[in-house]
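# What follows is a predicted protein model with its sequence.
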Amino acid sequence: MTPGFSVETTFYHATANAGRTVDFTRGGRIELGLDTVSNYFPVTPSYAFETPVVGGQLALGVTFLAGNYSSTVSATLVAPSGESLSVRAAI
């Protein structure tokens, strides 16, 4: 590394979802779902020393992380008659 201060930044974005449906032999079903979203912005300032330490170059850094994560869980119960009951919650 070049001796002195440096700053590294990155942006991380990820989404995921999963779902499952179970049908019953006499009609009706249960539908389950999970959706997630992640957004993170890590910032890493560091300093590299010019003077060798134990035969190598010493560099020190610390990472600060800012961002958010959200997930939503949903479930639906469908009766054989077609009527349904749904629940959705953000975690």
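Perfect, thanks for sending it.
# May I see the buried residues of the longest strand anywhere in the chain?
Looking across the chain with DSSP state E, the single longest strand is strand 29-53. For strand 29-53, burial by neighbour count (16 or more other Cβ atoms under 10 Å) applies to 31, 35. For the C-beta atoms, the positions are set from N, CA and C on the backbone; glycine is no exception.
# What of stretch 54-71?
So for stretch 54-71, nothing qualifies as buried (16+ other Cβ under 10 Å).
# Please state the offset of it from the chain centre?
On the basis of Cα atoms, centre = their mean, to the nearest Å, stretch 54-71 sits 18 Å off its chain's mean C-alpha point.
# Just the residues contacting that stretch, thanks.
1, 3, 12, 34-51, 90-91 (Cβ atoms under 8 Å, 6 or more residues apart in numbering).
# Pull it out as PDB, backbone CA atoms only.
C-alpha atoms of stretch 54-71 as PDB (Å, rounded to 0.1, in the frame of the first residue of the first chain):
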ATOM      1  CA  VAL A  54       8.200  -7.100  11.800                       C
ATOM      2  CA  GLY A  55       9.300  -7.200   8.100                       C
ATOM      3  CA  GLY A  56       6.000  -6.000   6.700                       C
ATOM      4  CA  GLN A  57       3.900  -2.900   6.300                       C
ATOM      5  CA  LEU A  58       1.500  -2.100   9.100                       C
ATOM      6  CA  ALA A  59      -1.900  -0.800   8.100                       C
ATOM      7  CA  LEU A  60      -4.800  -0.100  10.600                       C
ATOM      8  CA  GLY A  61      -8.400   0.500   9.600                       C
ATOM      9  CA  VAL A  62     -11.900   0.400  11.100                       C
ATOM     10  CA  THR A  63     -15.200  -0.100   9.300                       C
ATOM     11  CA  PHE A  64     -18.400   1.900  10.000                       C
ATOM     12  CA  LEU A  65     -21.600   0.400   8.700                       C
ATOM     13  CA  ALA A  66     -24.900   2.200   8.000                       C
ATOM     14  CA  GLY A  67     -28.000   0.800   6.500                       C
ATOM     15  CA  ASN A  68     -31.200  -1.000   7.000                       C
ATOM     16  CA  TYR A  69     -32.800  -4.400   6.800                       C
ATOM     17  CA  SER A  70     -36.500  -5.100   6.500                       C
ATOM     18  CA  SER A  71     -38.600  -8.300   6.200                       C
END
